[in-house]
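J.: Make a model of this:
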Amino acid sequence: MTTEPTTSFEPGTLVHDLVTDRIGEYRATSGPYAMLRPVGGGREWQADPGSLRPATPEQRLSAGVRAANERAERATWGYPEPSRPPAPVPGCETCAEVDGLRRTAQAASDASAVTDADVLMRRHQRAEHGS
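T.: Below is the predicted model:
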């Protein structure tokens with residue numbers, strides 16, 4: 001079943017990009033392109049709006065299952081959930097110092113510095129605490 005091209009979608013609509021044969025979440029337009037994001041997150045890609053079709057129920061279901069499987073697979077890699085900051089190890093001076101940097105960045109609403117502190121904390125904990 002082929003549907004006629006639709007040139008405008010509501011943000012969040014799942015669409016089928018016929019050129020890449022991928023299902024993506026419509027985000028917005030940028031110049032002559034439509035911006036799509038993989039279901040479940042990831043790097044956006046540009047698509048020709050004329051090559052987009054609304055995703056079928058089967059395609060939406062398949063993309064959702066694929067995203068859930070990818071999340072479950074990433075969880076088995078041993079990495080903590082990225083949205084959860086690493087907790088400092090009690091009694092560790094370096095952990096306390098980096099935690100202080102994170103708290104200072106949070107107070108200043110500096111999201112980039114918060115992320116930097118989280119990365120430093122994870123690197124330190126892997127190297128020094130084996131976690």
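J.: now the residue nearest the centre of the chain, what's its secondary structure?
T.: Per Cα atoms, centre = their mean, the C-alpha nearest to the average position across the chain is that of residue 41, at 3.8 Å. Secondary structure assignment for residue 41 (DSSP: H, G, I helix; E, B strand; the rest coil): coil.
J.: need the contact list for it.
T.: Going by Cβ atoms under 8 Å, 6 or more residues apart in numbering, residue 41 touches residue 67. Where C-beta positions appear, they are placed from N, C-alpha and C, glycine not excepted.
J.: so what's the backbone phi/psi at residue 25?
T.: For residue 25, the backbone dihedrals are phi -90, psi 120 (criterion: degrees, to the nearest 10).
J.: just residue 26 next, same as before
T.: phi -70, psi 130.
J.: next one: residue 44
T.: Note on residue 44: its backbone torsions stand at phi -70, psi 160 [degrees, to the nearest 10].
J.: ok, so what distance separates residue 47 from residue 57?
T.: For residue 47, the distance to residue 57 equals 21 Å [Cβ to Cβ, to the nearest Å].
J.: all helices for this structure, in order.
T.: For the chain, applying DSSP state H gives helices covering 57-75, 93-107, 111-124.
J.: Could you name the helices and strands sitting against the longest one?
T.: Looking back up the chat, that one is helix 57-75. Applying 3 or more Cβ pairs under 8 Å, 6 or more residues apart in numbering; DSSP states H and E, we find helix 57-75 packed against strand 14-17, strand 22-30.
J.: which of those sits most buried?
T.: Among the helices and strands packed on helix 57-75, strand 14-17 has the highest mean neighbour count (mean count of other Cβ atoms under 10 Å), at a mean of 21.
J.: quick one: average confidence on it?
T.: If you average the pLDDT over strand 14-17, you get 96.
J.: and what of stretch 32-43?
T.: Computed over stretch 32-43, the mean pLDDT rounds to 91.
J.: Kindly report the same for stretch 124-131.
T.: 87.
J.: And the contacts of the helix-or-strand element of the chain with minimal mean pLDDT?
T.: Least confident helix or strand of the chain, by mean pLDDT, DSSP states H and E, is helix 57-75 with a mean of 87. For helix 57-75, the surrounding residues in contact (Cβ under 8 Å, 6+ apart) are 14, 16, 23, 38, 39, 40, 41, 55, 81.
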